[in-house]
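Trainee: heads up, no residue letters with this:
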């Protein structure tokens with residue numbers, strides 16, 4: 001059965017994007033070989049993705065989760081029905097207002113691999129519904145001071161157990177937690 005994972009790169013002050021939803025700051029961090037290997041391992045575990053459709057509505061223009069690297073089915077949450085999009089062999093299915101249904105479909109596609117959740121709103125909704133098994137954060141040594149928080153608005157306590165951590169030469173930290181139920 002698939003494991004449901006929140007997977008995100010965040011700044012030390014907890015932001016996953018700047019106030020304009022930009023993530024260019026991620027490219028200012030030098031990733032060493034060990035960092036890249038760890039991230040590639042996590043991405044290699046992915047069997048399906050659930051994310052928000054706000055940025056991915058432009059899939060055909062190149063805004064694909066993980067740059068399209070995993071080559072796995074993607075379920076995008078939306079408020080309006082839209083036909084699926086197939087690009088480079090990857091099917092992007094738009095799911096209207098049913099996050100639990102999207103996760104169920106992604107789990108079926110993922111098999112024994114991981115369902116990766118992308119985006120703060122998606123992650124918070126899944127945490128609130130008890131759908132998340134693990135959280136993998138790549139914390140980079142940057143303070144944005146303002147932006148879009150991964151967990152702001154969660155409004156409930158979630159207990160976690162640290163299952164993996166690593167730090168390498170760039171000053172960043174990789175943290176993986178199991179969600180305790």
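Mentor: Now that the structure is in, tell me what you want to look at. Computed from a prediction, not measured in an experiment: that's the story for all the values here.

Trainee: strands of this protein, start to end?
Mentor: For the chain, the strands defined by DSSP state E occupy 3-11, 15-17, 46-52, 74-78, 85-87, 90-96, 114-118, 134-140, 148-149, 160-167, 173-179.

Trainee: of these, flag the one that's most buried.
Mentor: Highest mean neighbour count among these (mean count of other CB atoms under 10 Å): strand 114-118, with a mean of 26. To be clear about C-beta, it is placed using only N, CA and C from the backbone, and glycine gets the same treatment.

Trainee: just checking: what are the partner strands of that one?
Mentor: strand 3-11 (parallel), strand 46-52 (parallel) (DSSP bridges).

Trainee: strand 74-78 and that strand, what's the angle between them?
Mentor: 40 degrees (axes from the mean of the first three to the mean of the last three CA atoms, to 10 degrees).

Trainee: so how far is strand 114-118 off the chain centroid?
Mentor: With CA atoms, centre = their mean, to the nearest Å as the basis, strand 114-118 stands 6 Å off its chain's centre.

Trainee: ok, now stretch 135-153?
Mentor: Mean-position distance between stretch 135-153 and its chain equals 12 Å (CA atoms, centre = their mean).

Trainee: now do stretch 174-181: distance to the chain's middle.
Mentor: 14 Å.

Trainee: likewise stretch 156-172?
Mentor: On CA atoms, centre = their mean, the centre of stretch 156-172 falls 15 Å from the chain's centre.

Trainee: got the contact list for it?
Mentor: For stretch 156-172, the surrounding residues in contact (CB atoms under 8 Å, 6 or more residues apart in numbering) are 29-32, 34-35, 38, 127-128, 134-135, 138-141, 173-180.

Trainee: out of the strands of the chain, which comes closest to residue 108?
Mentor: Among the strands of the chain, the nearest to residue 108 by CB to CB is strand 46-52 (8.3 Å).

Trainee: quick check: the spatially most central residue of the chain vs residue 170, distance?
Mentor: Note on the chain: the residue nearest the mean C-alpha position is residue 118, at 2.8 Å, using CA atoms, centre = their mean. The gap separating residue 118 from residue 170 is 22 Å, by CB to CB, to the nearest Å.
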